[in-house]
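Asker: Can you look at this prediction? I've put the sequence above it.
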Amino acid sequence: MYDLPSDLPRLHTLRLWHAMWLGRIDAAIAATEQQETERRQGERRRPPTPDWIVELGIGQGRLPIEVHTGHCHAAGSRRRTIDRDQARSLLSEGIRACDHCRPDTDLGVLG
């Protein structure tokens, strides 16, 4: 019978060992499925990346200081989502364009 041992004690040991590993594998599968479900839920709940953002200064007025594309990694944490027209308007008013994401190029406002 295949390459299994012929005595009962060793067969029981092998069955127990394989059952233990099957339990560990099933637990790992369940944990991975749970993580995948949570990741998908997080993606669905995450708001979409805005097309344009304006970085705001420090202080009460929080005036605009720099325009970025929505995916720019260089934008600071003080920011507000803006639309395309607002981004073009801010750039034409002299608000600085980010040197990393170059929103002025994307918007056709070269200055």
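Answerer: Nice, I can see it.
Asker: okay, CA-based contacts and neighbour counts for the rest of this
Answerer: Noted.
Asker: Got the domain ranges for the chain?
Answerer: 1-46, 52-107 (automatic domain parsing).
Asker: Out of these, which is the most enclosed?
Answerer: domain 52-107 (a mean of 17; mean count of other CA atoms under 10 Å).
Asker: Just put the domains of the chain in a markdown table and tack on mean pLDDT.
Answerer: Formatted as a markdown table, the domains of the chain follow (pLDDT from 0 to 100):
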| stretch | mean pLDDT |
| --- | --- |
| domain 1-46 | 94 |
| domain 52-107 | 92 |
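Asker: Quick check: closest non-adjacent residue to residue 81.
Answerer: Nearest non-adjacent residue to residue 81, counting by CA to CA, 6 or more residues apart in numbering: residue 53, 4.5 Å away.
Asker: Give me the phi and psi for the one you found.
Answerer: Main-chain dihedrals, residue 53, degrees, to the nearest 10: phi -140, psi 150.
Asker: just checking, it touches residue 80?
Answerer: Yes: between residue 53 and residue 80 a contact is recorded at 5.5 Å, counting by CA atoms under 8 Å.
Asker: one step back: can you pull the contacts of the residue nearest to residue 81?
Answerer: Residue 53 makes contacts with 67, 68, 69, 70, 79, 80, 81, 82, 83, 87, as judged by CA atoms under 8 Å, 6 or more residues apart in numbering.
Asker: Restricted to helices, list those.
Answerer: Among the contacts of residue 53, the ones falling in helices (DSSP state H) are residue 87.
Asker: out of the contacts of residue 53, who's nearest residue 10?
Answerer: Nearest to residue 10, judged by CA to CA, of the contacts of residue 53 is residue 70 at 63.5 Å.
Asker: doesn't residue 52 make contact with that closest one?
Answerer: Yes: Residue 70 is within contact range of residue 52, at 4.5 Å (criterion: CA under 8 Å).
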